[in-house]
Structure formats: structure tokens, C-alpha cells
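[1] Give me a model of this one.
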Amino acid sequence: MSTTTLEKTEAGPAPLARPARRTRRRGERGPLGAALLHGGLTVASLIALAPVAWLVFLSLGPEKDDYLHPGKILGKATFSNYSFVLQHTAFFDWFKSTMIVAGGTTLIGVFVAATTGYAVSRMRFPGYKQLMWVLLLTQAFPIAILIVPMYEIFSQLDLIDTYWSLIVINCTTAVPYSAWLLKGYFDTIPFEIDEAGRVDGLSPFGTFFRLILPLARPGLAVAAFYNFITAVGEVAFATTFMLDDSKYTFAVGLQTFVSEHDAQWNYMAATAVLIAIPVSVFFYLVQKNLVTGLTAGGTKG
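    All right, here's what the predicted structure looks like:
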């Protein structure tokens, strides 16, 4: 036996190579972090859905006092509340009025907010910064203070009990926020696009409508959704300015189920569920652009 053979025998088998340790990428969560994240999101989702599910559940109770004994609703659940609201109330008049007010607020409000946001984003005129702060300052006044002077103004203009009064009022509420939102979105669109439009012979309005607005579609979707839900959910001005019950919006129509000594909670719950349908449909139509618009400010440079 040679010396080389003895040395190999005494040395023993070669040690096994350890597997390379996987390096976690930057921003990648570990198993515990992922579990906590998904658990937190699940809890948050349940908290958000719980009031909606509870409202739907109460709408199935046939009696107005069933909300006091929710455990008994399962044994007598019915859709009679929905049929009553649709057949024996002015629900469709409320629906028409709400769509007119919400549609007008959305169209006019988004147009005014888009032109304002674009002007402040692209043009440098005296007081452009102060203009945006003034718009923001208008949100600081409570509705209770504004109702009386606004009522006097609209009375002199003969706009009480008209849809235009609510459209204008809702625009004054929604436009300032929408203008700030769209101004920030327009800031993410390169100035070179405006310059290219002018080189091609477009006027400033042509550049705005033909080049900028198509690129700003996600931001416009966010502004449109905000204007829409603002008009649908507004209560104080709609209650004060609308005198004809055929022109009530959904928010005012809900109050007809409440009197000084009685409250029909089952009908209110059913009506609230029905009100959520047009809002959900509008959200479905704009959801793709809505998500993009909400995240565009952090993803575009």
C-alpha cells in the first residue's frame, strides 16, 4: 500500500458542501411579515364589510323593530321591504333627482376642477398660489354657517327648489378638493407634451382637450367619483333647498321614514341598500382608472 493511499484513508470522506444561504431581496417580506400583513388586511376587510353586511341583514327583517332582536330575523327573513320601497314610495323620483344632481355635479365639477388644476399647474399668473389656498380655505367653513346666506342668495336668484341650486352647492364643495387633486396629477405630465402640441399648431385649449385630458384620465376618474358620491350623500342643503317631495334626492327621501314618534328602520335599511346600487355601478365603471389615479402621484416622476 502506497503512502498516498494511507493519507487518503486517514483523511476520511470530504465534508459536504453547505447549501448557499438565500439572500432576501430588498423589500421582500419574510413568512412572519407576510402572515401579519395578510392577517391585518383580513381584519381590516372584515371591519369595513361588517356595517354593510349588517345593513343588508336588517333590511330582511319584516318589522320595524327587528333591529332590536336581530337573532329572530333569520327565521322570518323576507324581501317585502324592498317591494314596499319600490312600489309604495317615491323611490324612482328620488332616483331621478339624485342622478340629475349627481350627474350635473360630476360633469360641471370635473370640468371646472380640471381647467383650474391645469391652469395652476402650467401657467404662472399673479396670485396662482393664493388661488389654490383660497380654494382650500373654503372647506374650512361649516355647512351650518353657509346654509342661511346661501338660501338668501338662491332665493333672490329664484333657484330654490331647483336642481341647479344643489348642483352649484355640491360643486362648491367638491371642486376645491378635485382641483387640488388634478393639479397634482397634471404636474406629473411632462411639459414637453404641451410644447409638442404648440409646435403642431394647437392652441392652449386644443392642447388641453386633445393631449392632456386623455393622459389625465385616471385623475379625472378619481375626481368624477368624488364629485358623484359627494352629490349622492349630501343631506343638509338638499333638505333645505328642495321643497317639492317629487324632487327629493335619496338622502332626503330616507328622512321620510322617520317621524317625531316613529322610525321605520326596516324600510330605511332596504332603501339604503338600493341606494348603494347606482354608486356601486359607477364605481365599477371607473374602477380601473380609479386605482391608477389614486396611485399615479407616487409612481410617476
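[2] show me where the stretch 151-300 of the chain has helices.
    163-187, 191-199, 204-207, 213-215, 217-233, 236-241, 250-253, 265-299 (DSSP state H, counting those that start in this stretch).
[3] and Ile73, which of the ones you listed is closest to it?
    For Ile73, the closest of the helices of the stretch 151-300 of the chain is helix 265-299, at 9.6 Å, according to Cβ to Cβ. Where C-beta positions appear, they are placed from N, C-alpha and C, glycine not excepted.
[4] name the helices or strands packed onto the closest one?
    Packing contacts for helix 265-299, counted by 3 or more Cβ pairs under 8 Å, 6 or more residues apart in numbering; DSSP states H and E, involve helix 31-58, helix 80-88, helix 91-122, helix 163-187, helix 217-233, helix 250-253.
[5] Any chance of CSV for those helices, columns mean neighbour count and distance to Leu243?
    As requested, the helices and strands packed on helix 265-299 are exported to CSV (neighbours: other Cβ atoms under 10 Å; distance: least, Cβ to Cβ, whole Å):
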stretch, mean neighbour count, distance to Leu243
helix 31-58, 11, 29
helix 80-88, 15, 22
helix 91-122, 20, 13
helix 163-187, 22, 11
helix 217-233, 22, 19
helix 250-253, 23, 10
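[6] in the stretch 1-150 of the chain, what spans have low per-residue confidence?
    1-29 (pLDDT under 70).
[7] Repeat that for the stretch 201-301 of the chain.
    Under the criterion pLDDT under 70, the flagged ranges of the stretch 201-301 of the chain are 290-301.
[8] how close does Gly104 get to Ala196?
    34 Å (Cβ to Cβ, to the nearest Å).
[9] thought Met99 was touching Pro278?
    Yes: here Met99 lies in contact with Pro278, judged by Cβ atoms under 8 Å, at a distance of 7.1 Å.
[10] Contacts only, for Leu32.
    Leu32 makes contact with no residue, according to Cβ atoms under 8 Å, 6 or more residues apart in numbering.
[11] now it: how far from Leu41?
    Distance from Leu32 to Leu41, by Cβ to Cβ: 15 Å.
[12] ok, now Ile212?
    To Leu41, Ile212 is 36 Å away according to Cβ to Cβ.
[13] Same check on Val281?
    26 Å.
[14] can you check Ala270 too?
    31 Å.
[15] and if you look at Leu182?
    30 Å.
[16] Glu63 now?
    Glu63 is 37 Å from Leu41, by Cβ to Cβ.
[17] quick one: buried residues of stretch 278-288?
    Judged by neighbour count using 16 or more other Cβ atoms under 10 Å, the buried positions of stretch 278-288 are Pro278, Val279, Phe282, Val286.
[18] quick one: which of the residues you listed is nearest Pro204?
    Of the buried residues of stretch 278-288, the one sitting nearest to Pro204 (Cβ to Cβ) turns out to be Val286, at 27.3 Å.
[19] Would you check that the closest one makes contact with Ala224?
    Yes: with contact defined as Cβ under 8 Å, Val286 counts as touching Ala224 (6.4 Å).
[20] was I right about Leu274 contacting Val85?
    Yes: Leu274 lies in contact with Val85 (Cβ under 8 Å); the separation is 6.5 Å.
[21] residues shared between the contacts of those two?
    The contact sets of Leu274 and Val85 overlap at Phe91 (Cβ under 8 Å, 6+ apart).
[22] Give me the phi and psi for Ala90.
    phi -90, psi 40 (degrees, to the nearest 10).
[23] Any idea how many residues pack against it?
    A count of nearby residues for Ala90, using other Cβ atoms under 10 Å, gives 16.
[24] measure it to Tyr82 for me?
    15 Å.
[25] do Phe205 as well
    48 Å.
[26] which residues touch the closest residue to Ile229 other than its chain neighbours?
    Of all residues beyond its chain neighbours, the one nearest Ile229 is Val279 (6.3 Å), with distances taken as Cβ to Cβ, 6 or more residues apart in numbering. When contacts are counted by Cβ under 8 Å, 6+ apart, Val279 touches Phe228, Ile229, Val232.
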